[in-house]
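Enquirer: build me a model from this:
(one chain, ligands or ions: 1)
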Amino acid sequence: MLEVTPGALERLKTIKAFALDMDGTVYLGLRVLPGSHDFVKLCQENHIPFAMLTNNSSRSRKEYAKKLDTMGLHVGEEGVMTSGEATIRYLHRVHPGKKVYLVATPSYEQEVIEGRVNLAKGRDDADLTVLSFDTTLTFQKLVVLCDIVRDGKPYIATHPDFNCPVDGGYIPDVGSFMALIKASTGREADEVIGKPGKMMVAALCERWDLPAEKIAYVGDRLYTDIAMAESSGMLGILVLSGETKLQDLETSEHQPDLVIRGLDELVELLGAGL
Ligand SMILES: [Mg+2]
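Expert: Predicted coordinates:
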């Protein structure tokens, strides 16, 4: 364990909820990392709220919970926060009651409907448009979305990733769609919700009714995970179980508050302090 910010270990004792990156933190590919099961158990036994975060808005929270279930991580829907959920919360906060033309997979569309967001049928009745990671995207949906963007209406994207890693390579993600929309309409999205943006953190604060200072964020990437913790005021905990090596800290503009080897070490620290 390395305490980068003096007092970070003391601050860890005041933390009320944990948000976690998934790949490189909770699991690596298909392998669950040491400490993940124990971390979930410790939080559940001590009633500490936690959520595993993903920018992938092609799947609903329910589906993510199922995926984690197959890894023996029984976290339930409340143990997951997607950029999709953060977007639903954002829509209620910033565009309440407005009609949304949604570009989405059927499962995320279902989550949006269950989240009581009004959906528009097309260009004529849309107040704004939301672009999510639609792996069922059609040319027709793209045409309607671009029309609404050209009409000057608010245009929201669920997250900024250009590619989504899959078995054997990558598939184009929302960031790539945004580049296409920019080329066609000349407009960038008015708001991009997911990591490392502020709206993902706002969604966590809203869900738990906590200020960012009382939330710790655990992740393996300096330029996304730790950047988000730093800019929002969450306690930033870097794990070395993913893509970052200790020596990367020397040249990084983003600095965590604490560095640990992995979730197993966080369990040890929390176990000693509880
Ligand atoms: Mg990661």
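
Enquirer: roughly how far does the closest residue to the ion within the stretch 101-250 of the chain sit from residue 23?
Expert: The nearest approach of the stretch 101-250 of the chain to the ion comes at residue 220, 4.4 Å away (C-beta to the ion). Every C-beta, even on glycine, is put in place using the N, C-alpha and C of the backbone. Noted for residue 220: a distance of 8 Å to residue 23, by C-beta to C-beta, to the nearest Å.

Enquirer: you'd agree the residue of the stretch 101-250 of the chain closest to the ion is up against residue 242?
Expert: Yes. Residue 220 lies in contact with residue 242 (C-beta atoms under 8 Å); the separation is 2.6 Å.

Enquirer: list the residues that contact both of these two?
Expert: Residues touching both residue 220 and residue 242 (C-beta atoms under 8 Å, 6 or more residues apart in numbering): 21, 23-25.

Enquirer: next, give phi and psi for the closest residue to the ion within the stretch 1-150 of the chain.
Expert: Closest contact between the stretch 1-150 of the chain and the ion, by C-beta to the ion, is at residue 24 (3.5 Å). When quoted as degrees, to the nearest 10, the phi and psi of residue 24 stand at phi 100, psi -10.

Enquirer: now swap in residue 19 and tell me
Expert: phi -110, psi 140.

Enquirer: for the residue nearest to residue 219 when sequence neighbours are not counted, list the residues it contacts.
Expert: Nearest residue to residue 219, sequence neighbours excluded (C-beta to C-beta, 6 or more residues apart in numbering): residue 225, at 2.5 Å. The contact partners of residue 225, by C-beta under 8 Å, 6+ apart, come to 21, 25, 195-196, 217-219, 236, 238.

Enquirer: in ChimeraX, how would I select the buried members of these?
Expert: Buried residues within the contacts of residue 225, by 16 or more other C-beta atoms under 10 Å, are selected in ChimeraX with:
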select :21,25,195,196,217,218,219,236,238
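
Enquirer: from the contacts of residue 225, which is closest to residue 42?
Expert: When the contacts of residue 225 are compared for distance to residue 42 (C-beta to C-beta), residue 218 wins out at 13.2 Å.
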